[in-house]
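Mind folding the following:
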Amino acid sequence: MDSVLENYLARLRAAGLEFRVADDLQRRADAIGLGGREEERSDRVAWEGVGELRERAFPGARVGADHASHDVAAALARRASDLRGRRLLELGCGSGMVAVVAARLGAEVTAVDLDERAVRLTLENARANEVALEVRQGDLLEPVLEGASFDWIVANLPHKPGVGAEGLPLAQAGGEDGAEVWERALPGIERLAPPGARLVFFMHSLPAPRLLRRIATTFALELVAWKLRRLEVDEYEGLRERFRARHEAGTSYLHHDDVGEALVAATWIGVRR
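Predicted coordinates for the structure are as follows:
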């Protein structure tokens with residue numbers, strides 16, 4: 001196992017988190033900065049077992065699939081046989097590409113986002129890739145029907161420590177400790193997930209370990225993929241010192257080497273106890 005990952009996981013275990021590491025743990029390609037400039041992004045993307053898909057975004061609006069969405073989609077693609085015929089909910093669908101991949105793999109998909117632009121983009125990407133999705137607009141689980149249940153829940157929730165006033169976009173601002181939005185969503189997620197249901201999420205090493213501990217109270221966690229998310233020199237300029245202080249205090253993890261600073265970016269799957 002890579003020493004950077006070992007150090008991060010040792011810190012999580014020292015904080016009391018119980019989890020397992022997948023036997024087929026995948027190392028994804030490192031991401032740099034914001035995941036590529038808009039003008040450099042291709043409108044085509046492919047995953048093994050899924051094939052090539054069309055991927056549209058709203059230029060200048062930061063509404064589109066990013067490296068985190070691609071990693072979650074890759075994790076789903078590797079579990080195609082477990083998705084076919086299952087009900088899947090995606091919270092925070094963004095461009096809808098994860099939902100599109102799940103539908104292409106045979107899942108019955110409901111996608112939710114607070115941002116009206118994300119809802120429109122998800123519908124557009126569903127049409128472009130000829131899949132059927134149920135797409136709803138609203139805050140977290142508010143649009144989900146009472147009494148619904150899902151076999152899979154994909155949670156794309158903000159988890160960076162900070163608020164919008166500090167320069168973080170809505171899709172990233174997780175509150176002072178990075179856990180605020182997740183803590184609002186978890187009781188509803190738990191209601192929607194019967195025993196054996198799976199929760200899939202991507203999380204950088206910035207929120208306090210207590211957030212993962214909270215998730216682990218009802219979901220048995222497995223690390224299925226990881227990578228380094230390298231920070232550009234001027235990225236998060238107003239928050240970088242806070243990130244460093246949180247690392248020193250043990251409430252975040254920030255890797256530093258000759259190249260610069262980086263986060264450990266992990267894809268987790270939890271099974272409802």
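
wait, is Phe243 part of a helix?
Yes - under DSSP: H, G, I helix; E, B strand; the rest coil, Phe243 sits within a helix.

For it, grab the count of nearby residues.
Counted with other Cβ atoms under 10 Å, residues neighbouring Phe243 total 20. Backbone N, C-alpha and C define where each C-beta goes, glycine included.

Correct me if wrong: it contacts Leu206.
Yes - contact criterion Cβ atoms under 8 Å: Phe243 and Leu206 qualify, at 6.5 Å.

Between the two, which contacts overlap?
161, 252, 254 (Cβ atoms under 8 Å, 6 or more residues apart in numbering).

Now do the first one against Leu17, distance only.
In this structure, Pro161 and Leu17 are 18 Å apart, going by Cβ to Cβ, to the nearest Å.

got any ranges where the protein has weak pLDDT?
Across the chain, the ranges flagged by pLDDT under 70 are 34-42, 59-65, 165, 167.

switch to 50 and redo it
35-40 (pLDDT under 50).

Do you have the strands of it handy? List them.
20-27, 31-32, 44-47, 51-54, 87-91, 108-113, 134-137, 152-155, 198-204, 219-230, 255-256, 261-272 (DSSP state E).

Dump those strands into JSON lines; add distance to Leu211 and mean neighbour count as well.
Below are those laid out as JSON lines (distance: least, Cβ to Cβ, whole Å; neighbours: other Cβ atoms under 10 Å):
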{"stretch": "strand 20-27", "distance to Leu211": "18", "mean neighbour count": "12"}
{"stretch": "strand 31-32", "distance to Leu211": "21", "mean neighbour count": "18"}
{"stretch": "strand 44-47", "distance to Leu211": "28", "mean neighbour count": "15"}
{"stretch": "strand 51-54", "distance to Leu211": "31", "mean neighbour count": "14"}
{"stretch": "strand 87-91", "distance to Leu211": "15", "mean neighbour count": "25"}
{"stretch": "strand 108-113", "distance to Leu211": "21", "mean neighbour count": "26"}
{"stretch": "strand 134-137", "distance to Leu211": "26", "mean neighbour count": "17"}
{"stretch": "strand 152-155", "distance to Leu211": "12", "mean neighbour count": "25"}
{"stretch": "strand 198-204", "distance to Leu211": "8", "mean neighbour count": "23"}
{"stretch": "strand 219-230", "distance to Leu211": "12", "mean neighbour count": "21"}
{"stretch": "strand 255-256", "distance to Leu211": "19", "mean neighbour count": "16"}
{"stretch": "strand 261-272", "distance to Leu211": "11", "mean neighbour count": "22"}
